[in-house]
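>>> A predicted structure for the sequence below; I have some questions about it.
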Amino acid sequence: MKKIIIILLLFVIAGSTKAQNNTKLFQQANDAYTASKYNNAIELYLEILSNGYESPNLYYNLGNSYFKINNIPQSIYYYEKSLKLKPNFDNADFNLKVANTKIVDKIDGVPLPFYMVWKISIENLFTLYGWSIIIIASLIVFLGLFIIYLMSNKIIIRKLSFWSSMFVFILFIFFNVCAYSQYLRIYDSKQAIVFDPSVNIKSSPDDKSTDIFVIHEGSKVSIIDKLGEWSEIKIANGSTGWVKTMSLKEI
Amino acid sequence: MIKVRTYILTILSFFLCLGLYAQQPKFTASTNSAIIGIGGSTQIVYTLVNGTSEGFQRPNFNGFTVTGSQKSSGGNMTLIVNGQVVQSGGEEKWIYQISGSKVGKYTVEPAKVKVKGQWLSSNSLTIEVSAKPPANKQNQGNNSGNGSVSANDVFVKASLTKSNPYQGEQTTISYKIYTRIPISQYAINKLASYTGFWTYDLIKDKDQPKQYSETVNGEKYMVAEIRKVALFPQKSGRLTIEPLEVECLAQVRVKSRKDPFDDFFNDPFFSNQFGSSYQNVKKTLKSNSIVVNVKPLPTNNAPDDFNGAVGSFTIKSEIDRTELKSNEAVTLKITISGKGNLSLIDKINTEFPTDFEVYDPKINDNISTTGGEISGTRTFEYLIIPRNPGVFTLKPIQFSYFDLAKGVYNTLSTQGYTLKVGKGTGNSGGVYSSAAKEDIKYIGSDIRFIYVKDNSLNKTGYFFFNSWLYYLLLLLPIVIFIVIIVVWRKQMNLRSNQALLKHKKATKVALKRLKTAEEFLKQNNKDNFYIEISKALWGYCSDKFSIPVSNLSVENISEKLKEKNISEEVINNFITTINNCEYARFAPLDESVSLQKIYDDSVSIISKLEQNLK
C-alpha cells in the first residue's frame, strides 16, 4: 500500500514538473513573440509540441508567429489545427480568415444548405470536451429525476419528475448525437494544407495524366482517398483530382 | 537627282520647245529605293526620253525576283504653239517591280534599248538588300496605283531613354517620324497601349512637333518628334509596349498614264504637262515595339510605410496655427517635392488624434516636365477640426521613398506640432455628438494577439470524448443509480413485510388489549378500560390496513371497511362503539351504555371483522 502511494506521488510530481517546464517554455515563447522575435517564439512553441503536448492556444500562437514571418501556409496549418481542437475558437477563426486573404487561391466554397449550417453551428457550440461534460451531467440529472419519480408517493411530483426525466433523457441523446457528429466531422475526415507553391492537380494518379487545375500554397483540401504516393483531394468548390501526398500536410 | 533632272528637263523642254526639239535620245535607269529590307520590293524604272524604242533588252536582275513589269509610253506629245503643231519627244518607260530575298549588295546591269538602229545602254544600279525586315508595309495611295512610298522614305521609330528602369522609375518613350519625302499631314491612328505603366504625356501640343534633320544610313531625313510619353512602370518584369500606328499623307510624284491631251486641258497648272505630278499617298506607319525590362525594387529593408514612391524627394509641412479654440479649423499642409513618380503618391501616412475631425486632403499638383523629366510638388492640404479642448500632439509624418541615385530606401519625416485647443464658444461635443456616433472604422486588418495563458496543455492526440475515463464517468452514475434502486427496493420489501406481520398479528394484539380491558372492567377502572378498548379497535384497523394510527379517522376506516364489503351493520356498530369510547374518555359517561356492553360489542366486532378480513 505504502509503495503504491509513493509511486503514485512520484508520477504526480514528475507530471507536474513536466507541465511546469512546458508552462515555462510557453511563457518564454510568448515573451519572444511580444518582442517580435518570431522565429525564436516558433522554436519554443515547437519544443512544447515535440514534448508531446498540444492545446488550441499553443497552435493558435504558432499560427500567429508563422503569420508574422509571412509563412502563410504554416500559419493556416496551425490555425486549422487549433480549430480542430476547439471548433468554436473565435480568434483562431478570425486570424485564419485574415491569413486566407493572403493566399493565391480564392476558392468559393459550395454554399451549405441552411440545416447543415445550423447543424454545424450547434455542434460547434462546445468543444468535444465540453460536450463530454454536458453528456455526463445530463445523464446524472436524468437518473436523479428518475429516482425521484420512482420513490415519490405524491402524484404531482411523480408526474413532474417523470416527464422532466424523459425530457432530460431526450436531451442526453441529442447531446450524444452532437458530440459524435462533431467527432466524426473533425477526427474522421482528413484535411490537409497545400505546402508547395503551386501544384498541378491531375485527373488520375499518374504523372502523365491531364492537369485539371492548379492550386497554390495555403489552400485547404480534403483527402478522399490515397493510392501509393498519390492522394485524391477535393477542394472547397467541389472539384476533385489527384496530387502527390508530398505536396500536402495533413491537419 | 535623276528625277529632279528629268523634271527640270521637261519644264525646260516646254518653254524652249522648238529649240530643244531635236534632242539626243536619253536612256536612264532609276529606282525608288536603293536599300530594301529582306522580302521588300522596289521599282526599277528605265526611261527613254526623246526617242522611240525599236527594241528593249531587260537585264537579268540577278539576286532578285521580278514580281511585276509594265511598259508605259508617255507618247509623242502634240503641242500647239503659236498656231503650229509641234511634236515633242515622247517618253517611254519600262517598269519592273523586283523583290530581294537574300541579304547583300547587288548590281543591276544596264538595260539596252534600240533607238534609230542604235543600242543605247542605261546606267547600272546598286541595290542593297538588308537583313532588317521592312519596318512597315506599304499601302497604296487613295486614288492612284502608280504612286508609291517605300519603307525607307518614311518611317516611325520608337525609342526609350532607359530600357532597364526600376519599378516606379521614369523612362521616356518618344516616337519620331523620319521622312525623306514631304508629308502634308499625319494622324495617330492607334495609340500604343502602355499596359503596366503609369503615363504622362510630355508633348502637350501635338500640332507643333519639334523638327530637325538627321542622317540615317547616309541618307538625310527630316525628323519630327510626334509623341513623347513619360512612363512609370507599375510592375516588374518584361513589359512590352505595342507599336504606335500613324497614318500620314505623303506627297509623291507620280507619272500619269492618261492621255496627255486631256490632261493638258484639264489641269490648269500644267503640272501634268510631261506626265508627272505630286499626289497624296495615304500611308500607315507602324513603329517598332519595345520591350522594357523592369527591375523590381529591393524587397529587404523596405520600410513599412513605403508606398511606391521612387525618385528623390523632400517633404515639408506647414500649419497655419497651433493655438486655437475647439471647433475651429486648422490647416496642415504637407508638401512633397522632387523628381519621380509624384502623381502616384496618393496617400501619406497621417495619424491624427482620434477625436479630431479630419477631412480628406485636398491634393494640389504642380508638375513640370522640363528636360523630359517629371518633377514638381504635390501638396496635401488637411483640414482639421479639433472637437474638444486640450493639448494635442500631431505626430511627425513619415514618408518613405526609394532613392534612385543611391539605390536605397529613404525615410523622411516632417516636424511634429503641439496644438493647444482652448474651449470654444460653441458647446463642445454636444452639438456634434451625432457626428461622433460613427461605425467603428477598421484601419487595417491584422491578426489578433496571441494567448498568453494556457491551462489546457494535453498529451498530443488525447481527447476526453472517447477516452476510458469518459466512459467510466458515464458508467459511474448508472452504477450508482442501480445500487440506489436495489437498496431502495430491499427497503421497500422489508417495510411491506413488516406490514404483513402487523396484519397477521393484528387479531392477537387486539385480543390482548381486550383481555387487559376485561381486567380493568373487573377493577371498574373506567378510564383505562376505555383507553384499552379504543386502542384495541384503532390499532386493529391500523395494522389491518397498514395506515399509521395518527392518520386514522372514523371516515377513512368506514371507507376502507366498505371497500372490503363489510356489512353496514357491523360498520355502524364499529363506529358507535368507537364513538362511545371516545365520548366516555372525555365526557361524563352515559350510564345507559354499560362497560360490559361495550366490551361485548368490541369482541363481537373484532371477531366479525376477523371473519370477513381474512
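Received, thanks. Numbering: from 1, shown residues only, chains lettered A, B, ... in the order given.
>>> care to break the chain down by domain?
In the absence of a named chain, chain A is used. Here chain A is described, according to automatic domain parsing, as comprising the domains A:2-100, A:114-188, A:190-250.
>>> Correction: the question concerned chain B.
B:2-130, B:154-292, B:304-436, B:496-612.
>>> Return the most buried member of the domains of chain A.
Across those, averaging neighbours per residue (mean count of other CB atoms under 10 Å in any protein chain shown) puts domain A:2-100 on top, at a mean of 18. For every residue, glycine as well, the C-beta is placed using N, CA and C.
>>> Show residues contacting the biggest strand by length in chain A.
In chain A, assigned by DSSP state E, the strand with the most residues is strand A:220-227. Residues outside strand A:220-227 that contact it (CB atoms under 8 Å, 6 or more residues apart in numbering or on different chains): A:76, A:80, A:189-194, A:205, A:215, A:231-236, A:240, A:242-243, A:245, A:248, A:250-251.
>>> Which of those fall within helices?
A:76, A:80 (DSSP state H).
>>> picking that back up, mind putting the domains of chain A in a markdown table, distance to B:N60 and mean pLDDT included?
Below are the domains of chain A laid out as a markdown table (distance: least, CB to CB, whole Å; pLDDT from 0 to 100):
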| stretch | distance to B:N60 | mean pLDDT |
| --- | --- | --- |
| domain A:2-100 | 73 | 82 |
| domain A:114-188 | 87 | 88 |
| domain A:190-250 | 58 | 85 |
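>>> For B:T377, which of the ones you listed is the nearest?
Between B:T377 and the domains of chain A, the shortest separation by CB to CB is 35.7 Å, and it involves domain A:2-100.
>>> how far out from the middle of the chain is that closest one?
14 Å (CA atoms, centre = their mean, to the nearest Å).
>>> before we move on, the earlier item: redo the domains of chain B as a markdown table? Include mean neighbour count and mean pLDDT.
What follows is these, written out as a markdown table (neighbours: other CB atoms under 10 Å in any protein chain shown; pLDDT from 0 to 100):
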| stretch | mean neighbour count | mean pLDDT |
| --- | --- | --- |
| domain B:2-130 | 16 | 71 |
| domain B:154-292 | 17 | 75 |
| domain B:304-436 | 16 | 80 |
| domain B:496-612 | 16 | 78 |
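>>> ok, B:K526 to B:I533 distance?
11 Å (CB to CB, to the nearest Å).
>>> same question, A:I72
From A:I72 to B:I533 the distance is 100 Å (CB to CB).
>>> what's the helix or strand encompassing B:E381 packed up against?
Assigned by DSSP states H and E, B:E381 belongs to strand B:375-386. Secondary-structure packing of strand B:375-386 (3 or more CB pairs under 8 Å, 6 or more residues apart in numbering or on different chains; DSSP states H and E): strand B:330-340, strand B:356-358, strand B:362-368.
>>> where along the stretch 1-150 of chain B do the strands fall?
B:26-31, B:35-37, B:41-49, B:53-57, B:64-73, B:77-81, B:84-88, B:91-100, B:104-108, B:112-115, B:118-121, B:125-130 (DSSP state E, counting those that start in this stretch).
>>> what's the longest helix seen in chain B packed up against?
What stands out as the longest helix in chain B, according to DSSP H, is helix B:468-523. Identification of packing neighbours for helix B:468-523 by 3+ CB pairs under 8 Å, 6+ apart yields helix A:128-151, helix B:526-545, helix B:595-612.
>>> ok, B:I385 touching B:E357?
Yes. Using CB atoms under 8 Å, B:I385 is in contact with B:E357, at 4.3 Å.
>>> Which positions in the stretch 151-251 of chain A make contact with chain B?
Counting by CB under 8 Å from any CB of the partner chain, the stretch 151-251 of chain A comes close to chain B at A:151, A:179, A:183, A:187.
>>> Inside helices: which ones of those?
Residues of these located in helices (DSSP H): A:151, A:179, A:183.
>>> of those, closest to A:N40?
Looking across those and measuring by CB to CB, the closest to A:N40 is A:Y183, at 36.2 Å.
>>> hmm, back to that, can you tell which of the strands of the stretch 1-150 of chain B is closest to chain A?
Closest to chain A of the strands of the stretch 1-150 of chain B, according to CB to the nearest CB: strand B:35-37, at 42.4 Å.
>>> what packs against the longest strand anywhere in chain B?
If you go by DSSP E, chain B has its longest strand at strand B:219-233. Counting contacts by 3+ CB pairs under 8 Å, 6+ apart, strand B:219-233 packs against strand B:171-179, strand B:183-190, strand B:197-201, strand B:210-216, strand B:290-294.
>>> Taking strand B:197-201 as reference, get the angle to that strand.
With axes from the mean of the first three to the mean of the last three CA atoms, to 10 degrees as the basis, strand B:219-233 and strand B:197-201 are set at 130 degrees to each other.
>>> How far off centre is strand B:219-233?
That offset, for strand B:219-233, works out to 35 Å (CA atoms, centre = their mean).
>>> what's the answer for stretch B:300-309, then?
For stretch B:300-309, the distance to the chain centre is 21 Å (CA atoms, centre = their mean).
>>> Which residues does that stretch contact?
B:168, B:336, B:340-342, B:344-349, B:398-402, B:408-409, B:411.
>>> out of the residues you listed, which are inside strands?
Within the contacts of stretch B:300-309, residues falling in strands by DSSP E are B:336, B:340, B:398-402, B:408-409, B:411.
>>> which one is B:K26 nearest to, not counting chain neighbours?
Excluding its sequence neighbours, the residue lying closest to B:K26 (CB to CB, 6 or more residues apart in numbering or on different chains) is B:V49, at 4.6 Å.
>>> and B:L324, that one's in a strand?
Yes. Assigned with DSSP: H, G, I helix; E, B strand; the rest coil, B:L324 falls within a strand.
>>> Do I have it right that it meets B:Y417?
No. Counting by CB under 8 Å, B:L324 sits too far from B:Y417 to count as a contact (11.6 Å).
>>> related to what we said a few turns ago, next structured bit after the longest strand of chain B?
As assigned by DSSP H and E, the chain's next helix or strand after strand B:219-233 is strand B:237-241.
>>> Overlap of the contact sets of B:L324 and B:Y417?
By CB under 8 Å, 6+ apart, B:L324 and B:Y417 have no common neighbours.
>>> coming back round to it: next, the residues that contact the strand holding B:E381 from outside, please.
With CB under 8 Å, 6+ apart as the contact definition, strand B:375-386 has outside contacts at B:324, B:326-340, B:342-343, B:345, B:348, B:350, B:352-353, B:355-359, B:361-368, B:392, B:419, B:421.
>>> and A:L25, what does it touch?
Per CB under 8 Å, 6+ apart, neighbours of A:L25: A:44-45, A:47-48, A:51.
>>> switch to 10 Å and redo it
By CB atoms under 10 Å, 6 or more residues apart in numbering or on different chains, the contact set of A:L25 is A:43-48, A:51, A:53, A:58.
>>> Please list the members of these that lie in helices.
A:43-48, A:58.
>>> if we can go back for a sec, check the contacts of A:L25 against chain B, which are close?
A:45, A:48, A:51, A:53, A:58 (CB under 10 Å from any CB of the partner chain).
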